[in-house]
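In: can you look at this prediction? I've put the sequence above it.
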Amino acid sequence: MDEVFGLFPTPFLRAPGTLSVRLVDALVQHFSTLAVSANKASESLSHTEILRPADSPLFVEAASLITPKIVDMGALMFGERLDWAIKEMWVNVLDTGGLQTMHNHANSFVSGVVYLTATHPASQTVFMKSSGSTEFVFKHEHASITPTPFNADRWVSPAPAPGDLVLFPSYLLHAVPPNQGERRITLSFNAIPGILDSWGYAVRFSA
């Protein structure tokens, strides 16, 4: 029988209910009014300042629940359970009609999102395959093809509930389509390991 192997897949970790209803409600109540930094791409998207977990007791509590999941994710990416630190966190407020353009996160290894409110099905986070190098690209794409994990350019993440967490490599391109529902609030963050060691050649990171 023929076999198909997914070589070198990209890990994407989903952890439903990572934050409790109480903590989610407290984060929404405290931070939604502090998201005053406008996004250049959309007038209906705003953010809080970039914060460290220690800047708020609510962030400290959230980080204590999120960090073990990051350790799990790091073990998938690097093959060892390393010490990880969340280096920055921020809250996003996306009103009706707002969107987040395609982007990735520099100077970090694991990025994540905790959904704090319900998300309209049309506004679930979308992940995209990198456009690659500057070489010529050939594609076979039209209405009759069947998308598969090996030929698709985009993937829509599963429908989230408040308190759900997703983690992904920071280089992965992602975006949020125009929000067709009510206000969508998320907590985003970036994380780094304490050290990466390649046969004695080590690089240390600090949050």
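Out: Perfect, I can see it now. Numbers count the residues shown, from 1 in each chain.

In: excluding chain neighbours, what is closest to Ser44?
Out: Leaving out its chain neighbours, the residue that sits closest to Ser44 by CB to CB, 6 or more residues apart in numbering is Gly98, at 2.9 Å. Where you see a C-beta, it was placed from the backbone N, CA and C, and this is true even at glycine.

In: next, count neighbours for that neighbour.
Out: 21 (other CB atoms under 10 Å).

In: give the contact list for the closest residue to Ser37 other than its chain neighbours.
Out: Nearest residue to Ser37, sequence neighbours excluded (CB to CB, 6+ apart): His47, at 4.8 Å. Counting by CB atoms under 8 Å, 6 or more residues apart in numbering, His47 touches 35, 37, 39, 90-93.

In: give me the buried entries from these.
Out: 35, 39, 90-93 (16 or more other CB atoms under 10 Å).

In: what's the closest of the residues you listed to Val176?
Out: Asn92 (8.6 Å; CB to CB).

In: so that closest one is in contact with Ala35, correct?
Out: Yes: in this structure Asn92 lies within contact range of Ala35 using CB atoms under 8 Å: 6.9 Å.

In: who touches both of the two?
Out: The contact lists of Asn92 and Ala35 share 46-47, where a contact means CB under 8 Å, 6+ apart.

In: and for the longest helix anywhere in the chain, what's in contact with it?
Out: Longest helix in the chain, counting residues (DSSP state H): helix 57-78. Contact partners of helix 57-78, identified using CB under 8 Å, 6+ apart, comprise 11, 13, 15, 18-19, 23, 26-27, 30-31, 51-54, 80-82, 84-86, 89, 109-110, 112, 114, 165, 167, 169, 187, 189, 191, 193, 196.

In: please flag which of these sit within strands.
Out: Counted as lying in strands by DSSP state E, out of the contacts of helix 57-78, are 13, 15, 84-86, 89, 110, 112, 114, 165, 167, 169, 187, 189, 191, 193, 196.

In: out of those, which end up buried?
Out: Counted by 16+ other CB under 10 Å, these give 13, 15, 84-86, 89, 110, 112, 114, 165, 167, 169, 187, 189, 191, 193 as buried.

In: which residues does the spatially most central residue of the chain bridge with?
Out: Against the mean C-alpha coordinate of the chain, by CA atoms, centre = their mean, the closest residue is Gly112 at 3.4 Å. Beta-bridge partners recorded for Gly112 (DSSP bridges): Leu167, Phe189.

In: follow-up on the earlier one: can you give me the distance of the residue nearest to Ser44 to Val176?
Out: 8 Å (CB to CB, to the nearest Å).

In: next: Glu43.
Out: With CB to CB as the criterion, Glu43 and Val176 are 15 Å apart.

In: what about those two, which has more around it?
Out: Val176 (23 against 11).

In: what bits of this protein have low per-residue confidence?
Out: Applying pLDDT under 70 to the chain flags residues 132-134.

In: state the phi and psi torsions of the closest residue in space to Asp95 that isn't next to it in sequence.
Out: Nearest residue to Asp95, sequence neighbours excluded (CB to CB, 6+ apart): Ser44, at 4.2 Å. For Ser44, the backbone dihedrals (degrees, to the nearest 10) come out as phi -100, psi 10.
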